[in-house]
Structures are given as C-alpha cells and as structure tokens.
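S.K.: pasting the sequence and the predicted coordinates here, then a few questions.
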2 protein chains.
Amino acid sequence: MKFIKTPVKGMCDMLPSDMRLREHVLGMIKKTYGAYGFMQIETPVMEHIENLTSNQGGDNEKLIFKVMKRGADLARALAKENGELADNGLRYDLTLPLSRYYANNKEKLPTPFKAMQLGNVWRADNPQKGRFRQFTQCDIDILGDNSTLAEIELITATAAMLTEIFAEINISDFTIHINDRQLLSAVALQAGFKEEEIGSVLISLDKCDKIGLDGIEKELLDNGYTQSAVEKYMAVYRNVKPGMEIETFCALIAEDFLPKQAAQQLSDIVSCVRPMLASGVKIVFDPTLVRGMGYYTGPIFEISMDGYNFSIAGGGRYDKMIGKFSGQEVPACGFSIGFERIVTVLKDHMEEGFKLENGAVAYLIDKRVPQQRRVEVLTKARELRENGQIVTVLPMSKNMKHQIELLEAEGYTQFEKIYE
Amino acid sequence: MKFIKTPVKGMCDMLPSDMRLREHVLGMIKKTYGAYGFMQIETPVMEHIENLTSNQGGDNEKLIFKVMKRGADLARALAKENGELADNGLRYDLTLPLSRYYANNKEKLPTPFKAMQLGNVWRADNPQKGRFRQFTQCDIDILGDNSTLAEIELITATAAMLTEIFAEINISDFTIHINDRQLLSAVALQAGFKEEEIGSVLISLDKCDKIGLDGIEKELLDNGYTQSAVEKYMAVYRNVKPGMEIETFCALIAEDFLPKQAAQQLSDIVSCVRPMLASGVKIVFDPTLVRGMGYYTGPIFEISMDGYNFSIAGGGRYDKMIGKFSGQEVPACGFSIGFERIVTVLKDHMEEGFKLENGAVAYLIDKRVPQQRRVEVLTKARELRENGQIVTVLPMSKNMKHQIELLEAEGYTQFEKIYE
C-alpha cells in the first residue's frame, strides 16, 4: 500500500488559522449581502458533462476535471471507440450552475431573484503562486430584472462589503470601473469590423493595460485586419482622457452606431451608485474595460484596489445565457468576488496568523488527577462554554512548554494547570 | 446543444429556505464545537486515488466518484490494457482525508489536536429517500490523545450540541450508547472464534436490532461456524439485561480473555460523562453495539433520539489508522454527526420553510419613479442595511400580488411601494 501525505496537486490543506480567517471573511460577506436581500443558494459541485462542455465557459472548458462513468456505463463507453468516459464534471464556475438552477427552480423563487453563492470551483490549470486548482468563488446575481436597479444593487452591495472587510486593515480606497459591451461593439462596428470579428478585436483591446494602444494597433494589424479599420478604431481610443464622462465618449461614436439606451442606462447607473459610496470609493467610466467572458451583453464592471494592479471583483449583464437552459430568455446580471485574493491580501497584512478571540482558556490535566477532580474541572469548563467562552480540556503533555507555545500560537491566553 | 435542467442524479439544488436552515444548523455546530476547543480545518474534496482505494474505507471504496486523468497522462493510460484512468477521486468520508492531513501538517498543530470538519462527501450509492450522492458530514476528532479525556470531550460536546439544536423543536431526549471493540473481541475469542473470524462474527452481531439473537445464532451457524462456538458466544449475549452495568457484563468474560484496562476505561468514560449531560440525555452501556467500520480499536459510541429508530451521531477510537500514512502511530478518536438527518428532522417539524428573520423590508419601485427619488430610497435602504436589517430594493413587477406572496414566503414582512 502506498499512501501519499500531501494533498492533490494544486490544492491546499487549510490550517486552523487559515480557516478562522476564511470563515471570518465569509461571515462578513454573508452578512452584508444578506442585508442587501441576496439569498444564499447552493448547487451540487458536479454538473452534467453535456452542460459543462456546451461552449458557455470559454477556455475554462479545457480545464474541467471530468468524473468517470461507473459500472456497466463505463464498460460500454470503453468498448466503443472514442466513447465518452465521463458523465459528470466538477463545476469550473458558479454562473453556469446558476443558470441551470434557475431554469430548474424558477417557479419557487421570487422575481426578480437575488442569489448569493459561496462555493468551491475546480480548474485543472497549471498551478502558480496564488492560483489553485480548487478555490472559493463568491457570486451574487440578480435574475429577472432588466432594469438598471440590478446593476446598482450589485455594485453598491459589493462596494459596501469590500469597504467593511478592508476597514480591518485600514484599506479604504477602491475604484469601480464600468463600461458597456454595446459601446465596445459600436466602436468596432463603426470602424468597419464585422459583427463576427468583434470578439477577436476585444481580445486585443483587453490587453490595453499590458501593451498600450500602440501594442493593440500592432496586434490588430498582425491579425490581418485592414489598415483603415484599425486606424478608425484606434482613433476613438486615442481620444480617451482619464476621467472622461460617458457623454463625451459617446460624442466620438456616430449617431447611426451609438446605442443610445445603453449609454443612457450606463449614465443612470453611475449617477445612482456614486452617492451610495463610502469615502475612498470612486466609480469611473472606463471605455477600454472589456472583461473576458463572451457571454456579457450589457454593462460590465470591475473593482480594483488603488495601489494594487489586480481587480478584486468583476461582473456584468448576461441576458442571453439562462434562455439556453430554459428556452425562455431571462435578464441576468452578476458580480463575482475574488475571495482567494481578498484572503491573500488580508493575510499579507497580518503579522501573525488569524488567532482565536482573546480569552480562550486551556485546562491542562495531569494524568494522576483523580476522576472526581476531573469531573469538577469539566463542570467548570461546561459553565464557561455555555456562556460562549472557548475552553479546551487537554491531558498535560510531557513537553508542556511546547504544548503551551502551540496553543498560544492559535490564540489561547489563559492556562490552568491541574496537577492533583 | 443539449442542456439538462435537473441536477446530477442523487444530488440536490438547495433553495433559499433550505440554505437558511442548513446555515443556521452549521452555525450552531460551529459555535458549540468551537466553544469546546475544536478547530475547524478543511481538506480538498479530491484525494489521490491511491489513498482512497487503500482498503481503509470498507464498502465505501466501491462507491468512489473517480476523477479522470487529463491530457498526455490520460492518453498513456488509455493506450495500456487495464491502465488506471483516474488519478484522483472525490472523498467518501472525512476520516481518511483527516488522517492524511494530520500526517502532512502535524508539526504545525497543537498536541493533542482537536479538529472540526464540516464538508461534503460523495458516494455513488443508489439514491433512496433521504439518501444523497452528495451530502454534508460534520466530524470532530481528537488526535494524539490516548486518554479517556478524548472520548469524554467528544461525547459531552456532541450531546451539548444536539441538546441545543433540538431544543428549538422541543426535543430533548437522547440516548448515548457506548461499547468497546476490545470487549466485543474478547467475547468472540472466549467462545472459540479465531482472531481473523471476529470481523465476520461482528457483522452478524451488528444485526441484533433487526434479526434478534435467534437470527444472529442462525446466521452464524449458516456461515459454517461450529455449534459449540456459536452456543458459547450466544450464551453471553442472552445474559444481557437492559441497563446492565459494565462490571456485570464483564463478569461473563473469563479472566484470561477480559481486557481489564479497556473495561476500566469504559467505566471511567461513563462516570465522567454522566454528570455533564443535560436532563433528558442518558448514557448507557450497550454490549451489542458494533458500528460498521473495521478501523475502530477501542471505545465506540452512538447517539439515538428516543422514539426514532436511527442514530444521529456515531464514532469511536481508531488508534491504528494515522500510522498508516505517517509511519508513526497516533492515537485518534472521532465523532461524526448525521447532519442531513438533523436537517431532515428539523424540517419535518416545521410547518413552513425556514424563513428570514422577522422584519425584513422590501422596497418595490415603479419604473416611472425618477432617478432622484430612487436615490432617496436607496439611501434610506443603505441606512437600514448598515444597521443590520435585511432590505431588498426591487423593480415592481406587473403582477405585484404574486411578487409579494413569494417574498412573504421567504420571510419578508414589510413592503414599501414607491410609485412616484
């Protein structure tokens, strides 16, 4: 028999101090989102392989952990050439399962439905620093609301949640970036790109932060697009100034191409969100914001921490996705928080691990202590525990100094040694 | 494209009222076990297939959901005849992962280590009423303590936890059954069974509740054991009286076979636990209690609800298991709570679903309401939310009556309609 002590590649064993921090953050997320009327739901971690491989998940579909068929089903699949050996797979995100869930349970849920999901997802990615093959996602989604109230609630709730969590480490400056897929499309169409080329053009624009406008121009030309389309396209983005208003940007788009309603709604979202934000939190229109997933259909948004070069939450409207399951279109809009990033930033700001609350008591009992005395100690411990205090009762170790050091590292501060 | 709306066979979509109940129960479990000094930890849901199929899991090993190798590894495995196609599998319990975890992280943990795990496990069982292929287990374990204090802490913490949870539905009567694997072995050896036959003999004795003593006798004879051994074996159990003391039972075992230390420790556990129990909770010695898992080495225990014919928690000492991972024996003792059963019993006692706390507010905004008024409503909502109140802001539906009914079903009690 060969036993392997380490966890599966790219996945983590959580130590008690890791779990305390994670539970603390999860508690704050549940509380804030709960106060905003989001209701927690859960789907199984496994989904039908047909659903997972239906081209909704982009590149994530290449990273699925597939679950093998069993028994006779497996035997039959193996007997066939190129038989499908998997019947299920582990979910790679929480959006696809939510779409299935809503199609399955719509009648039992309020309309619009405000969902909160906290759960693990799995991707067979090449593990890198800070990236794992099992990680927690926290998503909120509003289903069945085609008004801007959905975006406003999602963004204000998430801004409130981040403000509360990061207040503990004195970080309060965040920027909410917002744009709209329809504006992105309009600029591309006006430049002369075809509808089916937009996806590929946006992949280039999305690299703005990394390669700059000149880099984008070069990449588009390298990809074989015409000089005239690329020049017309870049001319718009070369006119973008920091802090530009939506209206000013829209003036760069010809009347025939301008999606007026989308532009109006984007202004509406910004106007309603702005007065709701805590000091330190800004909302800015960002005409080069793209966001990867192809399923977005309207406003898209991201939150970054000022001074850090990564976003900590992102989302947008995806009105076409749920209809693919249910056959009936349902407007939908969601926000996904980078839970693992939040936890990493918090951990990096703590000198020691995340300890037990102050006041935890440890009774250390020598093995010679008679039964009656042990019962007395246990009774005293029970009283404290019933009052909500954390109390552990342990046999005294031979190396008591080391035993106490390790308990102190977890946060125990009071030690009672019982010798007789 | 073929989309499937229902969840994977044997698994459940959790509705908001299900989740509220589950989160409520999980919260009580975390709080009570936390107060008893158990520290929450977590392992990945996937384990190495080698560990899962190492004969530690009994029949559960037949029910593993296997995760397929990927890329070149999979191609290589498929090219071989009978190549192993899986590299990982989903955990079927929390005990095997805990053993691996402790072997991997021992140096960073206090000794003894009191672990709490709340997590899903997966078994490709034939789904039946109330049995699922994904379900939540709650385990507490004490690792590195060979004294009876481990059993005492596990049992008193679990009794306190159950008392607290079931107080909400006015159930307070529980029975803790306790026995010891060494006593079970002693009776079998004294009757003349061989060491290697004990496992099979105990499988028969375990059916006591279902087939009675005559049934057990018949089954043992049918299995080919000698008349004399079976008679000698049954004679002991025919002498068992309800409420029998450990000492009285031990008098039925000859001096040469009696495990004196085990008997003494069992008495010690009962004496220390009894004064800790809430009224309505009993601890009784049950000489026919077996518990299925082969890995138990000492005391075993179960808690049943009076008037229900199932146990709601079970556990025991398994001193040999962790050594198989680490090469170094570590005494261990654990208790696993039937979380899904607890939730089912609570749900059965509730006339309506588990609702939001009283006082949740819904603002329903007509689409004609101007932006400025919307901001006023959102500002008011934010104030209430910051005070911890649950507030949702929604667009008014065309069918507002139905909208309000569904919100009331979730627990909303206050509705503010904004028309202008």
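M.R.: Received, thanks.
S.K.: and the residue of the stretch 101-250 of chain A nearest chain B?
M.R.: residue A:110 (4.1 Å; CB to the nearest CB). Heads up, the C-betas are built off the backbone N, CA and C, glycines and all.
S.K.: and that residue, what does it touch?
M.R.: By CB atoms under 8 Å, 6 or more residues apart in numbering or on different chains, residue A:110 lies in contact with B:403, B:406-407, B:409-410.
S.K.: show me which of those neighbour chain A.
M.R.: With the criterion set as CB under 8 Å from any CB of the partner chain, the members of the contacts of residue A:110 near chain A are B:403, B:406-407, B:409-410.
S.K.: what pairs with residue A:414 across the strands?
M.R.: Beta-bridge pairing of residue A:414 under DSSP bridges involves residue A:361.
S.K.: for it, what are its contacts?
M.R.: A:359-362.
S.K.: one more: residue A:270?
M.R.: A:178, A:246, A:283, A:285.
S.K.: got it, and residue A:56?
M.R.: A:96, A:99, A:295, A:321, A:324.
S.K.: element containing the last one?
M.R.: Pointing back at residue A:324 there. Assessed by DSSP states H and E, residue A:324 sits inside helix A:321-326.
S.K.: what does the first one give?
M.R.: Residue A:96 belongs to helix A:95-105 when elements are defined using DSSP H and E.
S.K.: what residues sit buried inside the helix holding residue A:324?
M.R.: A:321-322, A:324-326 (16 or more other CB atoms under 10 Å in any protein chain shown).
S.K.: cool, and stretch A:280-298?
M.R.: So for stretch A:280-298, counting by 16+ other CB under 10 Å, buried means A:281, A:283, A:285-291, A:293-298.
S.K.: again, but for stretch A:99-119
M.R.: Neighbour counts over stretch A:99-119 (16+ other CB under 10 Å) mark A:99-106, A:109-119 as buried.
S.K.: could you do stretch A:360-376 as well?
M.R.: So, applying 16+ other CB under 10 Å, buried residues of stretch A:360-376: A:360-365, A:369, A:374-375.
S.K.: same check, this time on stretch A:204-224
M.R.: Result for stretch A:204-224 [16+ other CB under 10 Å]: buried residues A:204-206, A:208, A:216-217, A:219-220.
S.K.: next: stretch A:335-353.
M.R.: Buried-residue list, stretch A:335-353, by 16+ other CB under 10 Å: A:335-343, A:345-346, A:353.
S.K.: which residue sits closest to the closest residue to chain B within the stretch 201-350 of chain A, ignoring its sequence neighbours?
M.R.: Chain B sits closest to residue A:325 of the stretch 201-350 of chain A, with a gap of 4.7 Å, by CB to the nearest CB. Here the nearest residue to residue A:325 in space, its sequence neighbours aside, is residue A:103; by CB to CB, 6 or more residues apart in numbering or on different chains that works out to 3.7 Å.
S.K.: contact partners for that neighbour?
M.R.: Per CB under 8 Å, 6+ apart, neighbours of residue A:103: A:322, A:325-326, B:3, B:5.
S.K.: start and end of stretch A:385-405, how far apart?
M.R.: End-to-end distance of stretch A:385-405: 23 Å, with CA to CA, to the nearest Å as the criterion.
S.K.: average model confidence for it?
M.R.: Averaged over stretch A:385-405, pLDDT sits at 95.
S.K.: touching chain B at all, that stretch?
M.R.: Yes. Legend: contact between stretch A:385-405 and chain B by CB under 8 Å from any CB is shown at A:385-386, A:388-395, A:397, A:403.
S.K.: got TSV for the residues you listed, with distance to residue A:79, neighbour count and secondary structure too?
M.R.: Output for those, formatted as TSV (distance: CB to CB, whole Å; neighbours: other CB atoms under 10 Å in any protein chain shown; DSSP: H, G, I helix; E, B strand; the rest coil):
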residue	distance to residue A:79	neighbour count	secondary structure
A:385	59	23	helix
A:386	62	12	helix
A:388	61	11	coil
A:389	62	15	coil
A:390	58	22	coil
A:391	60	24	strand
A:392	57	24	strand
A:393	59	25	strand
A:394	57	24	strand
A:395	58	19	strand
A:397	58	17	coil
A:403	59	20	helix
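S.K.: quick check: mean pLDDT of the helix or strand residue A:268 falls within?
M.R.: In the assignment (DSSP H and E), residue A:268 maps to helix A:260-273. In this model, helix A:260-273 has an average pLDDT of 97.
S.K.: can you list the buried residues in that helix?
M.R.: Taking 16+ other CB under 10 Å as the criterion, helix A:260-273 shows A:262-263, A:265-273 as buried.
S.K.: follow-up on the earlier one: of all the buried residues of stretch A:280-298, which two lie farthest apart?
M.R.: The span of the buried residues of stretch A:280-298, defined through CB to CB, is set by A:281 and A:294 at 29.0 Å.
S.K.: helices of the stretch 1-150 of chain A, start to end?
M.R.: A:16-35, A:49-52, A:71-79, A:95-105, A:149-167 (DSSP state H, counting those that start in this stretch).
S.K.: whoops, I mixed them up, the stretch 301-420 of chain A
M.R.: Counting by DSSP H, counting those that start in this stretch, the helices of the stretch 301-420 of chain A are A:321-326, A:339-348, A:371-386, A:400-410.
S.K.: other SSEs contacting the third one?
M.R.: The reference is to helix A:371-386. strand A:360-365, strand A:391-395, strand A:412-418, helix B:16-35, helix B:149-167, helix B:260-273 (3 or more CB pairs under 8 Å, 6 or more residues apart in numbering or on different chains; DSSP states H and E).
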